[in-house]
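Student: sequence below, structure please.
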Amino acid sequence: MAAKTNQLDTHIEIVTPENIAFQYRVAGPFRRLPAWLIDLAIRGVALFVVSMIVSIIGGVPALGDLIVFLYYVLQFVIVFFYGGLFEAMWNGQTPGKRLLRIRVVTDRGEPINAVQAVLRNLMRFADAMPGTYLVGLVAASMNRRFQRLGDLVCGTMVVIEERPWLYGVTQINEPEAIRLAGYLPANLEIPRSQRRALSAYVSRRRNFTAGRRADIARHLGEPLRQQFGLPVGTSHDLLLCAVYYHTFLANTDQGQTQPSTSVGPGQATPDQPPQMVGASGPPPGPMNAEEINIVTTGRTYR
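Tutor: So this is what the prediction gives:
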């Protein structure tokens, strides 16, 4: 796939072991420099505030030595571990990176761990040689992922964080998925990371063949099927569409899901159907055993 460039930022494609391709836009030096300057200013302000506090309460004889010790400890942490601590706690972002919408990830596109976050920031002192970040700039210019020495050692890269949500909401037209959504828990809450994966899948699923769709949907759909106690033959593709409908469309103009309060996950029965209004009309009537089998296996109506 040809790479599309934008100034010194570039797109790269990473293929997972499941043969699923993800595209990332790597942040170039002119995107990373303002973020670094913002973080440098924050560190400067933090050091100034700590110095002022020490000068105010340092005159107390009983606390003098303790205050001086704490001052040097805080100074050490701010200078050497500011970036590492923030990137470890904020999933690859410092305040500067968050403002510039960039994030540190592994070279496989996965979230970094605490060791990578701390080590890549400690390696910054090697990149800063000889005081002008010349080593880091040369290293970054010699690979298309703009990885400085710290990134190369830790297996990380800095990418531009795309908008968290896609433009618009994908409409769900499959009646089986809409009906299956009624059997999901009314208080279902999907974590943010899963919502993004769910949105990406549903928006692109029509570009895949049925077999490819089943392979991709299985990774997220199987844990959800087990969580909801659905039958083993449940279509993972339809289940993801049902969860998407329940999460993003149930209370919108497309339809409003009103699950029966007496039916929990994995407890749906023909005489206790979910009550829901789909995109096409009034609530469906009671489901018989064949209809339940059609919904959970993903077969189409004849």
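Student: can you tell me how far residue 45 is from residue 80?
Tutor: With distances taken as CB to CB, to the nearest Å, residue 45 is found 17 Å from residue 80. (Glycine included, C-beta is placed from N, CA and C.)
Student: who has more neighbours, these two?
Tutor: Each of residue 45 and residue 80 has its neighbours counted (other CB atoms under 10 Å); residue 80 has more, 15 against 10.
Student: could you report the pLDDT at that one?
Tutor: Note on residue 80: pLDDT of 91.
Student: so it touches residue 119, yeah?
Tutor: No: under the criterion of CB atoms under 8 Å, residue 80 is not in contact with residue 119, lying 11.5 Å apart.
Student: ok, residue 51 to residue 43 distance?
Tutor: Residue 51 is 13 Å from residue 43, by CB to CB.
Student: ditto for residue 201
Tutor: Distance from residue 201 to residue 43, by CB to CB: 40 Å.
Student: of these two, give the one with the bigger neighbour count.
Tutor: With neighbours defined as other CB under 10 Å, residue 201 and residue 43 compare such that residue 201 has more, 21 against 16.
Student: remind me what whatever helix or strand residue 37 lives in packs against, helices and strands.
Tutor: Assigned by DSSP states H and E, residue 37 falls within helix 29-57. Judged by 3 or more CB pairs under 8 Å, 6 or more residues apart in numbering; DSSP states H and E, the packing partners of helix 29-57 are helix 64-89, helix 95-100, strand 102-106.
Student: pick the most buried one from the ones you listed.
Tutor: Of all the helices and strands packed on helix 29-57, strand 102-106 has the most neighbours on average by mean count of other CB atoms under 10 Å, namely a mean of 22.
Student: tell me which residues are up against that strand.
Tutor: Applying CB atoms under 8 Å, 6 or more residues apart in numbering, the set of residues contacting strand 102-106 from outside is 24, 27, 31-32, 35, 87, 91-93, 97, 111-112, 116-117, 120, 155-161.
Student: filter those to the buried ones?
Tutor: The neighbour count (16 or more other CB atoms under 10 Å) marks 24, 27, 31-32, 35, 87, 92-93, 97, 112, 116-117, 120, 156-161 as buried among the contacts of strand 102-106.
Student: which of the residues you listed fall in helices?
Tutor: Judged by DSSP state H, the subset of the buried ones among the contacts of strand 102-106 located in helices is 31-32, 35, 87, 97, 116-117, 120.
Student: wait, which of the helices and strands packed on helix 29-57 is closest to residue 187?
Tutor: Nearest of the helices and strands packed on helix 29-57 to residue 187, taken as CB to CB: helix 64-89 at 28.6 Å.
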